[in-house]
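>>> Predicted model and sequence follow; I will ask about them next.
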Amino acid sequence: MRLGVLFVLFLGLNGCSWLFHDRTNDYLSSEVNSNIEVPKEVAQVALKPQLPIPDVDGKLNIKEFVLPRPKPLVLASMDEPESASLSELSQVKLETDLLKDGNGTPILRLNIEFARAWAELGEALKKAEINITDLNRSIGTYYIELTEPGNPEDVGFWSGLFGGKPEPVQVPLQVKLNQARSGVYVAIHQDADNLAEDAQAQSLLEKIQDKL
């Protein structure tokens, strides 16, 4: 058992060079052979080495190569609003068009790139005092709530008798952005699969357009 352990240690210390041929430096003793010559009666082929090795006279003067360091990443200040930095991405004057698609659904077109449109739309919603409950930039969606007057029929008899008014209702909606060749299009959805009613979408898009 001891002899076996000593043998393994001996192999590790000597790198097994005496047992296995080390071919690391074989290239130093290699020779350059002449190109293969094809007989003329067989074919007319001009063989040239694809990776020729140039002749080098004397020793190579190789200096240490220092990789250039990348420039440090500069982040915008956390106090600076996102819209202020993103609006510098484009010098194009913002223009909007309130249109209708082939189905008659109201849509708002912005003639700018998505990043700027996302920031401009967020600012317009705030200026219009529209409550943003959540947002998801990866799918281009602002989640909002509109406050609308309640149904008068929900007021009880005695409350109506003493001048009671229906409580306002919070209506959740989604403002979606879609990038296209001609700009960014904004549409109003009830949820991920359903569009808002045309009259409701038209009114909301007019408010947004007014603040852009």
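Received, thanks.
>>> And the strands in this structure?
Using DSSP state E, the strands assigned to the chain run over residues 96-100, 106-110, 131-136, 141-148, 169-180, 183-189.
>>> With distance to Asn33 and mean neighbour count as new columns, can those be given to me in a markdown table?
Every residue, glycine included, has its C-beta placed from N, CA and C. A markdown table is the format used below for those (distance: least, C-beta to C-beta, whole Å; neighbours: other C-beta atoms under 10 Å):
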| stretch | distance to Asn33 | mean neighbour count |
| --- | --- | --- |
| strand 96-100 | 74 | 14 |
| strand 106-110 | 69 | 21 |
| strand 131-136 | 66 | 12 |
| strand 141-148 | 68 | 16 |
| strand 169-180 | 61 | 16 |
| strand 183-189 | 65 | 21 |
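>>> want to try JSON lines for the ones you listed, with mean pLDDT and distance to Ile36 as columns?
What follows is those, written out as JSON lines (pLDDT from 0 to 100; distance: least, C-beta to C-beta, whole Å):
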{"stretch": "strand 96-100", "mean pLDDT": "92", "distance to Ile36": "71"}
{"stretch": "strand 106-110", "mean pLDDT": "95", "distance to Ile36": "67"}
{"stretch": "strand 131-136", "mean pLDDT": "94", "distance to Ile36": "65"}
{"stretch": "strand 141-148", "mean pLDDT": "90", "distance to Ile36": "67"}
{"stretch": "strand 169-180", "mean pLDDT": "92", "distance to Ile36": "58"}
{"stretch": "strand 183-189", "mean pLDDT": "94", "distance to Ile36": "63"}
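>>> how about CSV for these, with distance to Val38 added?
Converted to CSV, the strands of the chain look like this (distance: least, C-beta to C-beta, whole Å):
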stretch, distance to Val38
strand 96-100, 71
strand 106-110, 68
strand 131-136, 67
strand 141-148, 69
strand 169-180, 59
strand 183-189, 64
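>>> so which of those comes closest to Glu41?
Set against Glu41 and scored by C-beta to C-beta, those come closest in strand 169-180, at 66.6 Å.
>>> which helices and strands does that closest one pack with?
In terms of contacts (3 or more C-beta pairs under 8 Å, 6 or more residues apart in numbering; DSSP states H and E), strand 169-180 is packed against helix 114-127, strand 141-148, strand 183-189, helix 198-211.
>>> Could you rerun that using 10 Å?
In terms of contacts (3 or more C-beta pairs under 10 Å, 6 or more residues apart in numbering; DSSP states H and E), strand 169-180 is packed against strand 106-110, helix 114-127, strand 131-136, strand 141-148, strand 183-189, helix 198-211.
>>> quick one on the thing from earlier: select, out of the strands of the chain, the one closest to Asn25.
Across the strands of the chain, closest to Asn25 is strand 169-180 (C-beta to C-beta), at 59.0 Å.
>>> one step back: make TSV from the helices and strands packed on strand 169-180 and add distance to Val171 to it.
Shown next, in TSV, are these (distance: least, C-beta to C-beta, whole Å):
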stretch	distance to Val171
strand 106-110	17
helix 114-127	15
strand 131-136	10
strand 141-148	5
strand 183-189	11
helix 198-211	8
